[in-house]
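J.: Predicted model follows, preceded by the sequence.
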Amino acid sequence: MPNTPKARIPASDPQVVPAPQNNLDAATFNGVYLRPNFSNGGLVPAQGPLCTSPDIWIAGTQPVGNFQSALATAASYQTESSSNISQGNDNYIYVRALNGTSVAQSRTVQLYYAPSALILWPSQWQNNVIKTDQGNAMANISDLAAGQVGVADQTFLWPNVQPPPAGSDHYCLLAQLNDANNDNPFPSISSQLDLAALIANNLGWGCRNVTLIAGGPATFQFEAPLTIPQFMPTGTYLLLVNSTGFLNWTTWFTCSQADANGNPIALPPTEIVVDGGFLGAPACTLAGGFDAIITLYMQSNGNSASPGASVTLSCLYMTNPAETEEMVRRRLVDWNLNAKLGRALDPEIAPTPVVFLGAQTWQLVPSSNNVS
């Protein structure tokens, strides 16, 4: 196929990729931070999943009493809220963070929303500010002691939440921490590496992109927009499915548009034989202005799903040789993940490192009450 790197997954033979382990290049984030997931204790580049922050606390229609103390306890810090956003109602949301420095710190906190999408480019949500119940665009975490958890001093209130636009099945929430010197300004994204750095290296930002699946039907499907901004250079992308609790189910996905070379973007029906592993589709070439819908399918084959089972669709960017120096300098490579991809997909992927750009997770629950 023209203009396609050698590091491709054979279209007729999707492969299982083992889940990534710790990153040998990881270092401690120097600041007040939001965890991208429970496993992260302030290390960057962060390991996946990167869009499941437990520090964005969704309380739904019932506010949390004494929230600044209740959500800062050691026990609370090891739990997460539901992902439910109640449509047609006012929703209460809280943000907490941990001071990973050796001195007291203060931060402002802002909260944004975005219709769900596989890649959350900042231009899609920069104007979607959720204000506090006092009408302010930001709250504060003041004089947070070293090593302590703090909760923003005001409740974020999202009034009368309406259904997301067509193509999205829920909303995503994004939180931003900043200081008086504006050391964490709103990001300026001009390349795929810029977005990868924001997600993996800047824990002053947190994202929660999870929706709940009601019940456990034998076959179900989800939709996720896949959009590339008009100004973004043409690049090669890799879509991966990762699931837990759906062992021996069959999964596949299709896309409403072909890639820049006219090739379909699809994972053929593939049985899930490794719990927690990854399934990959052929790499695709996408140009700026690409706008399509990815549809992910799950079929039980008569098997039951485990309680809390989840499935994640991720998008990775396959870097080119001209970006190698910048990518290494900015510490964007998950070397362990790249090694596993190389072994499982194609040995020639090794000199073509990939970086994480976005993901969407669907989690199984016994029931659902008007979830968005």
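T.: Yep, that arrived.
J.: Give the partner strands of the strand or helix carrying Thr295 in its sheet and their orientations.
T.: Using DSSP states H and E, the element containing Thr295 is strand 291-299. For strand 291-299, the paired strands and their directions (DSSP bridges) are strand 219-227 (antiparallel), strand 250-255 (antiparallel).
J.: Identify all contacting residues around the last one.
T.: Put plainly, it is strand 250-255. 226, 239, 241, 243, 264-272, 279, 281, 292-299, 301, 311, 313 (CB atoms under 8 Å, 6 or more residues apart in numbering). From N, CA and C alone the C-beta is placed, and that goes for glycine too.
J.: Go again with 6 Å.
T.: Residues lying outside strand 250-255 but in contact with it, judged by CB atoms under 6 Å, 6 or more residues apart in numbering, are 241, 265-269, 271-272, 292, 294-299, 301.
J.: which one of those residues is nearest Gln257?
T.: Relative to Gln257, the closest of the contacts of strand 250-255 is Ala292; by CB to CB it sits at 3.7 Å.
J.: Pull the number of nearby residues for the residue nearest to Tyr94 when sequence neighbours are not counted.
T.: If you skip the residues right next to it in sequence, Tyr94 has Trp57 as its closest partner in space, 4.2 Å away by CB to CB, 6 or more residues apart in numbering. As a burial measure, Trp57 scores 25 neighbours (other CB atoms under 10 Å).
J.: hmm, back to that, which of the contacts of strand 250-255 are buried?
T.: Neighbour-count burial (16 or more other CB atoms under 10 Å) is assigned, among the contacts of strand 250-255, to Val241, Ile265, Ala266, Leu267, Pro268, Ile272, Ala292, Ile294, Leu296, Tyr297, Met298, Gln299.
J.: Might one say that the second one is in contact with Leu286?
T.: No: with contact defined as CB atoms under 6 Å, Ile265 does not reach Leu286; the gap is 8.5 Å.
J.: Identify the contacts common to these two.
T.: With the criterion set as CB under 6 Å, 6+ apart, the overlap between the contacts of Ile265 and Leu286 is Asp259.
J.: ok, the most centrally placed residue in the chain - contacts?
T.: The geometric centre of the chain, computed from its C-alpha atoms, lies nearest to Cys51 (CA atoms, centre = their mean), at 2.7 Å. Taking CB under 6 Å, 6+ apart as the contact definition, Cys51 lies against Cys207, Asn209, Ala359.
J.: Please compute how far the helix or strand hosting the first one lies from its chain's middle.
T.: When you say that, I think you mean Cys207. Cys207 belongs to strand 205-208 when elements are defined using DSSP H and E. Using CA atoms, centre = their mean, to the nearest Å, the mean C-alpha position of strand 205-208 is found 8 Å from that of the whole chain.
J.: The nearest residue in space to Thr285 that is not next to it in sequence and Thr251, how far apart?
T.: Nearest-residue entry for Thr285: Ala260, 4.4 Å, with adjacent residues in sequence omitted and distances by CB to CB, 6+ apart. For Ala260, the distance to Thr251 equals 25 Å [CB to CB, to the nearest Å].
J.: Report the buried residues of stretch 327-335.
T.: The neighbour-count check on stretch 327-335 (16+ other CB under 10 Å) flags Met327, Arg330, Arg331, Leu332, Val333, Asp334 as buried.
J.: Closest to Asn30 out of those?
T.: Checking the buried residues of stretch 327-335 against Asn30 with CB to CB, the nearest one is Arg331 at 13.2 Å.
J.: now that closest one, what's its secondary structure?
T.: Here Arg331 is recorded as coil under DSSP: H, G, I helix; E, B strand; the rest coil.
J.: so what pLDDT did it get?
T.: At Arg331 the predicted local distance difference test score is 83.
J.: Check Pro282 too.
T.: The pLDDT attached to Pro282 in the predicted structure is 86.
J.: Validate this expectation: it resides in a strand.
T.: No: secondary structure of Pro282, determined by three-state DSSP: coil, with no strand assignment.
J.: quick one: the helices in the chain?
T.: 67-70, 74-77, 192-201, 324-329, 335-344 (DSSP state H).
J.: Out of those helices, which one sits most buried?
T.: Across the helices of the chain, the average number of neighbours (mean count of other CB atoms under 10 Å) peaks for helix 192-201, which reaches a mean of 21.
J.: helices or strands up against it?
T.: Identification of packing neighbours for helix 192-201 by 3 or more CB pairs under 6 Å, 6 or more residues apart in numbering; DSSP states H and E yields no helix or strand.
J.: Brilliant, that's me finished.
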